[in-house]
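Student: Structure of the sequence below:
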Amino acid sequence: MKSILIAVAMILTFNTSARAQLKETAQLATLSPIILVVQSDMENYKKSHYMVSTIGYLGSYMISESKWKAALFTLLLGASKEIVYDELLGRGEPLWEDMKWNTLGITQGLVFTVSLKF
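Tutor: The predicted structure follows:
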């Protein structure tokens, strides 16, 4: 039974369509932290900074097709939200911790886009 499983695993490994499926699985695995964050506790607004930054990065990457432009744009978007919405309009409290979650979301998006190149 073990030899059959090993033979099937070897056939799947060397099959080109199996390689594509393994690649897609690895790419989706890079996005798994955002799924865990969303499912765990959306009442915590800091986690929404993480989710929105990751989605914002991926969206701006699709438009600009540049990892660094997308990262800079998303970082500026998060910083302007903290400065304009929270501080100038007085609708919240500008916190560095929110920017930490924004940066983590951008990093998650970067990891995903780098995994697309493999």
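Student: Run through the residues that contact the nearest residue to L77 once chain neighbours are set aside.
Tutor: Spatial nearest neighbour of L77, chain neighbours left out: G56 (6.1 Å); criterion: C-beta to C-beta, 6 or more residues apart in numbering. Heads up, the C-betas are built off the backbone N, CA and C, glycines and all. Applying C-beta atoms under 8 Å, 6 or more residues apart in numbering to G56 gives the contacts 74, 77-78, 105.
Student: following the strand or helix carrying G56, which helix or strand shows up next?
Tutor: Per DSSP states H and E: G56 is located in helix 45-64. The helix or strand immediately downstream of helix 45-64 is helix 67-80, counting by DSSP H and E.
Student: who touches that next one?
Tutor: Here helix 67-80 has contacts from 49, 53, 56-58, 60-61, 63-64, 98-99, 102-103, 105-106, 109-110, 113-114, using C-beta under 8 Å, 6+ apart.
Student: okay, the angle between that helix and helix 45-64?
Tutor: Relative orientation of helix 67-80 versus helix 45-64 (axes from the mean of the first three to the mean of the last three C-alpha atoms, to 10 degrees): 140 degrees.
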